[in-house]
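[1] Have a look at this prediction, sequence included:
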Amino acid sequence: MPYTLIQTLKTKSIIRAVRFNVDGEYCVVCASDRRLYLYNPHRNALLKTYSGHGEEVMDGHSSCDSSQIVSAGLDKSVILWDVSTASPLRRFRGHASGVTAVKFSEESTLVVSGARDNAVKLWDIRSRSQDPVQTLSDAKDAISAVRISDHEILSSSFDARIRRYDVRVGQLTTDCLGDAVTCASFTRDGQCTLTSCADGVLRLLDKDTGELLNEFRGHVAGDLCLESSVDFQDTRVLSGSGDGYLWIWDLASGQVVDKLRGELKYPVVSISVHPTDNFILASNGSNVFMWKYQE
């Protein structure tokens, strides 16, 4: 078996999202108990707890120097945290409903958030202003995910579309996927987008032309907001599933190459891929499983 279960992080509440930090040494765990947790998953060590949201924490992201964390909550707020003191530095309130997705820009000077109010907002964390520097209001339904490259913002929405904003030239590109999109991300080489849809199909699209390059099927989508990703070598596609497995396909052939078992009574919802190594994190109920791929 090429994938080996390395660690199991056990928590006391349902996990909404798990995210490696920039160098893969730590991870942020976002939970339904209104808290975030900072772990060293390699040592199975809980390092810090961050309390301040009034509702479930749906997403989190570490800054490029790992000194700050930004989090998104169903209390409509985005919170910027100091990692070492576990204290909130800023609280951004501008969304009209629960915030479901949040990311730092590459330089960690901007924060991008997406919410159930159909809006994507950009926040300048260097500014004293509490107002967003820009609001992107093109979506017609809730935002499920946001991603950022050096010059692009990618958002997915339950309105069956992904939207790519090129901030250099102010251009919007929209692709319609035919069903609610629960996750969208860039491949590592930046040439393609990978989307998870409510119809139980993952679609790999050429980023520039929108051409459908491949489809990945077999996992259980149900009515879950499942995440997907490519591995760090751009050779495999990974997805959570309602059957409690982490599904893995070959990117080129579309064939299933593995199914990694979690606790089968819970769905695998959130996944995170190590930035430079063959580690995968996956949330499964109140647990986070870490697997390593070994040739």
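    Now that the structure is in, tell me what you want to look at. It should be emphasised that the depicted structure is a prediction, and the values quoted were computed from it without experimental measurement.

[2] Name whatever forms a beta bridge with residue 70.
    Applying DSSP bridges to residue 70 gives these bridge partners: residue 61, residue 80.

[3] ah, wrong one, I meant residue 152
    residue 166.

[4] So it sits against residue 164, correct?
    Yes - between residue 152 and residue 164 there is a contact under C-beta atoms under 8 Å: 5.7 Å. C-beta: built from backbone N, CA, C; applies to glycine.

[5] between the two, which one's more packed in?
    residue 164 (21 against 17; other C-beta atoms under 10 Å).

[6] Let me know the pLDDT of that one.
    You'll see residue 164 listed with a pLDDT of 97.

[7] avg pLDDT for stretch 141-152?
    So the average pLDDT for stretch 141-152 ends up being 96.

[8] Please compute how far that stretch lies from its chain's middle.
    10 Å (C-alpha atoms, centre = their mean, to the nearest Å).

[9] For residue 223, the count of nearby residues, please.
    8.

[10] How about residue 267?
    24.

[11] Ok, residue 9 next?
    So residue 9, with other C-beta under 10 Å, has 22 neighbours.

[12] And for residue 67?
    12.

[13] check contacts around it.
    82-84 (C-beta atoms under 8 Å, 6 or more residues apart in numbering).

[14] just residue 106 next, same as before
    So residue 106 contacts 64, 148-150 (C-beta under 8 Å, 6+ apart).

[15] swap the cut-off to 7 Å and go again
    64, 148, 150 (C-beta atoms under 7 Å, 6 or more residues apart in numbering).

[16] before we move on, what about residue 215?
    Applying C-beta under 7 Å, 6+ apart, the residues near residue 215 are 201-203, 254.

[17] what does the model give the closest residue to residue 227 other than its chain neighbours for pLDDT?
    Excluding its sequence neighbours, the residue lying closest to residue 227 (C-beta to C-beta, 6 or more residues apart in numbering) is residue 183, at 4.6 Å. Note on residue 183: pLDDT of 97.

[18] Likewise for residue 192?
    96.

[19] what's the neighbour count on it?
    Residues near residue 192, counting by other C-beta under 10 Å: 21.

[20] how many other residues sit next to residue 28?
    Residue 28 has 26 nearby residues by other C-beta under 10 Å.

[21] so what's it closest to, chain neighbours aside?
    Nearest one to residue 28, counting by C-beta to C-beta, 6+ apart, is residue 60 at 4.2 Å.
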